[in-house]
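S.K.: I need the structure of the sequence given here:
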Amino acid sequence: MKYLCLVYYAEAEVGQMSPDDWLALNYECVAYGEEIAASGHRLGGSALEPTTTAVTVRVRDGQTTVTDGPFAETREQLAGFYLLDARDIDDAVRTAARIPPARLGSIEIRPVRELPVTRTEGVGQP
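M.R.: Residues are numbered from 1 along each chain as shown. Next up is the predicted model:
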């Protein structure tokens, strides 16, 4: 089953890391990504640029609006993601617990929902 692991941490706190500590954390993330790719768990993933580079798009009544920054005001910001292939939620939790930024923030794990291929395939299901 596929699981999306969303990596969150407080950008302000991470921004106070020394350049050497920041680089070490990034190298650790790359090494862990390679490890879980080799084991077959990692299907994809990437780090994200800071929220200061984000825009939010909304479409209401056919009108598109774009605002600077993320939509939600939170203590922790989305920093990246891993797409995993895991046997079950317990396997996903074990894998996510070793993602290096879990020590700084949190990892939200969400099962990936497959969209129906045909118009009638998913009828009646939320």
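S.K.: same question for the lengthiest helix in the chain, mean pLDDT?
M.R.: Taking DSSP state H as the criterion, the chain has its longest helix at helix 19-38. Mean per-residue pLDDT for helix 19-38: 96.
S.K.: try stretch 83-94
M.R.: 96.
S.K.: about what we covered before: list the buried ones in the longest helix of the chain?
M.R.: Residues 25, 29, 32, 33, 36 are the ones in helix 19-38 that count as buried (16 or more other C-beta atoms under 10 Å). Every residue, glycine included, has its C-beta placed from N, CA and C.
S.K.: chain center to the helix or strand just after that helix, what's the gap?
M.R.: Per DSSP states H and E, the first helix or strand lying C-terminal to helix 19-38 is strand 42-47. Relative to its chain's centre, strand 42-47 lies at 8 Å (C-alpha atoms, centre = their mean, to the nearest Å).
S.K.: And stretch 51-62, by the same measure?
M.R.: Worked out by C-alpha atoms, centre = their mean, stretch 51-62 lies 19 Å from the chain centre.
S.K.: can you tell me which of the buried residues of helix 19-38 lies nearest to residue 109?
M.R.: When the buried residues of helix 19-38 are ranked by distance to residue 109 (C-beta to C-beta), residue 36 comes first, at 13.8 Å.
S.K.: The closest residue to the closest one other than its chain neighbours: how many residues sit nearby?
M.R.: Nearest residue to residue 36 in three dimensions, chain neighbours excluded: residue 42, at 4.2 Å (C-beta to C-beta, 6 or more residues apart in numbering). As a burial measure, residue 42 scores 19 neighbours (other C-beta atoms under 10 Å).
S.K.: so what's residue 42 scoring on pLDDT?
M.R.: For residue 42, pLDDT reads 96.
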